[in-house]
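Chemist: Here is the input, now give the coordinates:
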Amino acid sequence: MIDRLKNFYSKNAFWCNFSLIIFIFLYFYGRLYFASILDGTLTGEERSCSIRDAAYFLNRYQFHQYSTNMGAHFLYAVSSFLFPFEPIFYGRLAKILMMSTAPALVFTYLNRVFKVSAEMSFLFALIYGFLPGVYSFSFIATEYGLTTVFGVLGLIVLSSNIKYAELISGFLFGFACIVYAPAFTFLTVFILYLFLLSKSSWPMRLSSIAVMVLTMFSPKIWWLNSRVVLFTGGGRLVLDQWYYRLTRLWEELFINPKSYYYFSEQQALSSYILAFLFLMSFIFCLKYFKKYWQILLILFGTIFIHSIAGGPPGFRRIVPLAFALVCMSAVFIDSFKFKKLLSLFLVLHLSYQVFQMTRYESLLKVGSLQGRAWNPPREYQGISLESILEEEYQNLDRLLTTKHYEGYFKNELISLVYLKSLRSGDKEKTLKMKSYLLENVQSENR
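Modeler: Next comes the predicted model:
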């Protein structure tokens, strides 16, 4: 039996490693998911992105000018049907499934594109997935962190030998941008590759760019609003604060991690030990720029976007930075003759990162997200959102007319009822909820 398993692994080593990485992070991210739902609440951004905006996406409307990430709305609209047993937390469940693939994609990128050894690729895939700046967004049902999933997948496809690789990667890069705008950093790699390195015909290259652009501007086609806003979200272009933002970036990476929707108390890149490794790796990759230009462009592009983006700064916008730094470190360590000795040290640091995650899990269990929680009106305090949903689903007229639910809470509760009625096939309730939703599209976007 053991011999058979060894034989199977030797023939399918890559896919065994790929699957094992996904399994590992499904387990650990799943633990964060279960810890986060104990208090029965959602954060404000989650209710907007995974519930309200998902419902409006199905009706082909952008709710307001901050709801610009249509790719994420699409993903959560689909997940509401894939996980009907989770009427409130389907978005978090979908998020851990998607985020669990990110470390496996890092493994693939290192092993297949840069030919890093399987052992080193596996180790750095784990280091990436256990960075506080990555796992902190692994279960939050928003767009944060998903840029790496689709961006790295695009890089892998672009570097592969599959048919129509450039067309497919053009779609993936374009989709990554409408999931969350910081994915624009991947576009520089795509454009430069097409113009400088691609061996395809010019019609194929131009077609790939057309697919990317069409995907990026597909919200203009899908949404029926008279004025559609793209990419900006709650941010804006700010050119005179770059020094402050770069200083704040350093603090968040290694000193003071607190920022908008970054709930971990740990520094985003874990420790100063990794900071030193990242610095050495950066110098190494600069020396061999022609070979590692993709990673360096993603690094520089992410920092540039962070320096000019307005609104609340934070690591949520620069998760691709972690990907670039980890990849640089992997190719750097893999070049050493004594890499096995260095890898033992990194395994010890990895155990520290796992410890950091277990501490974060403990904080989630005692309600560390309560400060951002979606709480119902005072008279409904102590009642779970799922109970409120079930009760109001049976009393639609009261839901539509009551004054207990006002503002965004009422809109998002009705969005939940709408999604539930769609799943159950109740046309009458669906039409009632749809009518209310369309009447309450924000006026500035009508």
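Chemist: and stretch 140-149, how far apart are its ends?
Modeler: Distance between the two ends of stretch 140-149: 15 Å, counting by C-alpha to C-alpha, to the nearest Å.
Chemist: swap that for stretch 79-95, please
Modeler: Terminal-residue distance, stretch 79-95 (C-alpha to C-alpha): 9 Å.
Chemist: go on, stretch 95-110?
Modeler: End-to-end distance for stretch 95-110, by C-alpha to C-alpha: 23 Å.
Chemist: Where do the domain boundaries of the protein fall?
Modeler: 20-365, 378-441 (automatic domain parsing).
Chemist: three-state assignment of residue 441?
Modeler: coil (DSSP: H, G, I helix; E, B strand; the rest coil).
Chemist: any idea how far it lies from residue 410?
Modeler: Counting by C-beta to C-beta, to the nearest Å, the gap from residue 441 to residue 410 is 14 Å. The way it works is simple: take the backbone N, C-alpha and C, and place the C-beta from them, glycine included.
Chemist: before we move on, what about residue 3?
Modeler: Applying C-beta to C-beta to residue 3 and residue 410 gives a distance of 63 Å.
Chemist: Residue 116 too?
Modeler: As for residue 116, its distance to residue 410 is 52 Å (criterion: C-beta to C-beta).
Chemist: neighbour-wise, which of those two wins?
Modeler: The neighbour comparison of residue 116 against residue 410 (other C-beta atoms under 10 Å) goes to residue 116, with 22 against 19.
Chemist: my guess is that one meets residue 332, correct?
Modeler: No: counting by C-beta atoms under 8 Å, residue 116 stays clear of residue 332, with 10.0 Å between them.
Chemist: Now do the buried residues in stretch 114-121.
Modeler: Burial within stretch 114-121, assessed by neighbour count using 16 or more other C-beta atoms under 10 Å, is assigned to 114, 116, 120-121.
Chemist: Would you mind confirming that residue 174 is in contact with residue 215?
Modeler: Yes: between residue 174 and residue 215 there is a contact at 2.9 Å, judged by C-beta under 8 Å.
Chemist: and those two? which has more neighbours close in?
Modeler: Remark: of residue 174 and residue 215, residue 174 carries more neighbours, 27 against 19, as counted by other C-beta under 10 Å.
Chemist: related to what we said a few turns ago, quick one: which of the buried residues of stretch 114-121 is nearest to residue 184?
Modeler: Closest approach between the buried residues of stretch 114-121 and residue 184, by C-beta to C-beta: residue 114, at 23.0 Å.
Chemist: In a strand, residue 257, correct?
Modeler: No: Residue 257: not assigned to a strand; according to three-state DSSP it is coil.
Chemist: pLDDT value on the residue lying closest to it once chain neighbours are set aside, please?
Modeler: Leaving aside its sequence neighbours, residue 257 sits nearest to residue 267 (C-beta to C-beta, 6 or more residues apart in numbering; 5.0 Å). For residue 267, the pLDDT comes out at 84.
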